[in-house]
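Colleague: sequence below, structure please.
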Amino acid sequence: MIPWTGISCCLSAAALYLLGRSSGRDAEVLRAVTRINQLKDLARLLDIESKVFPLIVSVAGRVGSETPIHCEHSGLRGVIVEETAEQHFLKHNETGSWIQDSALMLSSSKEVPWYLDDGTARAYVVGARGATGFVLPVGSEVFEESGRSLVRGTLDYLQGLKMLGVKRIERVLPTGSSLTVVGEAVKDDVGTIRVQRPHKGPFYVSPKSIDQLIANLGKWSRLYKYAATGLTVFGVYLIVKQAISFLLERRRRRELQKRVLAAAAKRTDQDNESEIVEDGSERVKKDGGIPDLCVICLEQEYNAVFVPIQEASHHESSSLEETKILCTVYVVLMIVRNIVVVVVVIVIVVVLVVIVEGELAAIIV
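Modeller: Below you'll find the predicted structure:
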């Protein structure tokens, strides 16, 4: 039997190892970006640097905008605002009891041009919502209870509903908050500096500093590699354990076969007649071959096959036929299961090969 559990553990370890390598490579890329301590230095750097290769920089500052958005519920002034409204209600299920559920009523998003300002200069940020590490904090969360209209309540009840209210969540990136942005720095014809997603490279927008981002990626890389090592050890243990069990089983079967042969030889020496009548049935001994003896009692002929629970029994011929049919069905099911597992393993291996080729291509580029 192939040790599929051990092989699965080893394949999972390989996947985790690749994730660890990916996180470690991202940390190395962040270490290699150009750090801008003051935004006024970024304009001079863009004038000096070559226009052939993109300039990946790390900048930090406070969020600002010429036309900020005034938030209705939280009262904050932000540059990105997302508002959702969910209708919460109780509804009848098939058993007649009430269960709580919700449905999305409204989802809106607003964004105005915004920049980072560190007191020396400004750098506009473009496409922040698609950046890694960008999360809008919750500005306000309000639950508005539904009105107690008798007519509306009766209609909802007839439909199997009980309206509870509307939950409004407002997420906002407020002005004045500190952010770190890693991306491609460009300068247009009028001298406006923008930080945007590069064609190929890192793009982060996070309240954490660049050092914290690098440390976080390094931590995940180590965790993935530790988990990969543990799964590898466990998978190898399972494979070795099953291999040892297989060898011991083969040895036990050889010893059992020797035992049967020895018993047959002993019985041949004791009994020189060709036919033996026992319990109203006849048994013909085979000359020069292995007799059909039960491996448990070593006296009667076997008339049953071994199944996963190995027991010897002396059934009638009809019981033997039923056992053979069941054994055949079991073998067919095991073959089908093994084929399915092999197909799954092949798919996993192909996916891993594709991932590795993508990593190699990225490294070469």
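Colleague: would you mark the buried spots in stretch 237-247?
Modeller: For stretch 237-247, the neighbour count (16 or more other CB atoms under 10 Å) marks Leu238, Ile239, Gln242 as buried. (Each C-beta comes from the backbone N, C-alpha and C, glycine too.)
Colleague: low-confidence bits of the chain, can you list those?
Modeller: 1, 50-52, 147-160, 270-327, 329-334, 336-365 (pLDDT under 70).
Colleague: mind checking the longest helix of it?
Modeller: In terms of residue count, the longest helix belonging to the chain (DSSP state H) is helix 210-270.
Colleague: show me the contacts for Gln196.
Modeller: Contact analysis of Gln196 by CB atoms under 8 Å, 6 or more residues apart in numbering lists Val125, Val126, Gly127, Gly183, Glu184, Val186, Phe203.
Colleague: show me which of these are buried.
Modeller: Buried among these by 16+ other CB under 10 Å: Val125, Gly183, Glu184, Val186, Phe203.
Colleague: got the residues you listed as JSON lines, with distance to Gln38 and secondary structure columns?
Modeller: Below are the buried ones among the contacts of Gln196 laid out as JSON lines (distance: CB to CB, whole Å; DSSP: H, G, I helix; E, B strand; the rest coil):
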{"residue": "Val125", "distance to Gln38": "17", "secondary structure": "strand"}
{"residue": "Gly183", "distance to Gln38": "18", "secondary structure": "strand"}
{"residue": "Glu184", "distance to Gln38": "19", "secondary structure": "strand"}
{"residue": "Val186", "distance to Gln38": "18", "secondary structure": "strand"}
{"residue": "Phe203", "distance to Gln38": "22", "secondary structure": "coil"}
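Colleague: identify the farthest-apart pair in those.
Modeller: Val186 and Phe203 (13.1 Å; CB to CB).
Colleague: packing partners of the longest helix of the chain?
Modeller: On a contact count with 3 or more CB pairs under 8 Å, 6 or more residues apart in numbering; DSSP states H and E, helix 210-270 meets helix 4-32, strand 178-187.
Colleague: how about the first one, which residues are buried there?
Modeller: Read that as helix 4-32. Quick answer for helix 4-32 (16+ other CB under 10 Å): 4, 6-24, 26-27, 30.
Colleague: ok, the next helix or strand after it: who's next to it in the sheet?
Modeller: Using DSSP states H and E, the helix or strand that follows helix 4-32 in sequence is strand 34-35. The strands beside strand 34-35 in its sheet (DSSP bridges) come out as strand 55-64 (parallel).
Colleague: contacting residues around the helix or strand that comes right after the partner strand?
Modeller: Downstream of strand 55-64, the first helix or strand assigned by DSSP H and E is strand 69-70. Defining contact as CB under 8 Å, 6+ apart, one finds that strand 69-70 is touched by Arg77, Gly78, Val79, Val81, Lys110, Val112, Val172.
Colleague: go again using 6 Å as the cut-off
Modeller: For strand 69-70, contacts defined as CB atoms under 6 Å, 6 or more residues apart in numbering pick out Arg77, Gly78, Val81, Lys110, Val112.
Colleague: hmm, the fourth one is touching Val81, no?
Modeller: Yes: counting by CB atoms under 6 Å, Lys110 does reach Val81; the two are 4.8 Å apart.
Colleague: which one's more surrounded, these two?
Modeller: Val81 (26 against 13; other CB atoms under 10 Å).
Colleague: so which elements touch the helix or strand hosting the more buried one?
Modeller: For Val81, the host element (DSSP H and E) is strand 77-92. Contacts defined by 3 or more CB pairs under 6 Å, 6 or more residues apart in numbering; DSSP states H and E place strand 77-92 against strand 69-70, strand 98-111, strand 161-174.
Colleague: paired strands for that strand, with orientation please.
Modeller: When DSSP bridges is applied, strand 77-92 pairs with strand 69-70 (antiparallel), strand 98-111 (antiparallel), strand 161-174 (antiparallel).
Colleague: and those strands: which comes nearest Leu136?
Modeller: That would be, of the strands paired with strand 77-92 and by CB to CB, strand 161-174, which comes in at 3.9 Å.
Colleague: now the buried residues of stretch 237-247 in JSON lines, with distance to Pro137?
Modeller: Supplementary listing: these in JSON lines, determined by distance: CB to CB, whole Å:
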{"residue": "Leu238", "distance to Pro137": "46"}
{"residue": "Ile239", "distance to Pro137": "48"}
{"residue": "Gln242", "distance to Pro137": "52"}
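Colleague: find the nearest non-adjacent residue to Arg122, please.
Modeller: Nearest non-adjacent residue to Arg122, counting by CB to CB, 6 or more residues apart in numbering: Tyr115, 4.4 Å away.
Colleague: list the beta-bridge partners for that neighbour.
Modeller: Applying DSSP bridges to Tyr115, the residues it is bridged with are Gly64, Tyr124.
Colleague: count the residues that sit near it.
Modeller: Neighbours of Tyr115 (other CB under 10 Å): 21.
Colleague: who's in contact with it?
Modeller: Contacts of Tyr115 (CB under 6 Å, 6+ apart): Gly64, Arg122, Tyr124.
Colleague: do that again at 8 Å, thanks
Modeller: Gly61, Val63, Gly64, Ser65, Arg122, Ala123, Tyr124, Val125.
Colleague: next, count neighbours for Arg222.
Modeller: 13.
Colleague: would you put the C-alpha positions of stretch 251-266 in CSV?
Modeller: The C-alpha atoms that make up stretch 251-266 are tabulated as CSV, following Å, rounded to 0.1, in the frame of the first residue of the first chain:
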residue,chain,number,x,y,z
ARG,A,251,8.4,-11.6,7.0
ARG,A,252,5.3,-12.8,8.9
ARG,A,253,3.8,-14.2,5.8
ARG,A,254,7.0,-16.1,4.9
GLU,A,255,7.1,-17.5,8.4
LEU,A,256,3.5,-18.5,8.1
GLN,A,257,4.1,-20.2,4.8
LYS,A,258,7.0,-22.1,6.3
ARG,A,259,4.7,-23.2,9.2
VAL,A,260,2.1,-24.4,6.7
LEU,A,261,4.7,-26.4,4.8
ALA,A,262,6.1,-27.9,7.9
ALA,A,263,2.6,-28.9,9.1
ALA,A,264,1.9,-30.4,5.7
ALA,A,265,5.1,-32.4,5.7
LYS,A,266,4.4,-33.7,9.2
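Colleague: thank you kindly, that will do.
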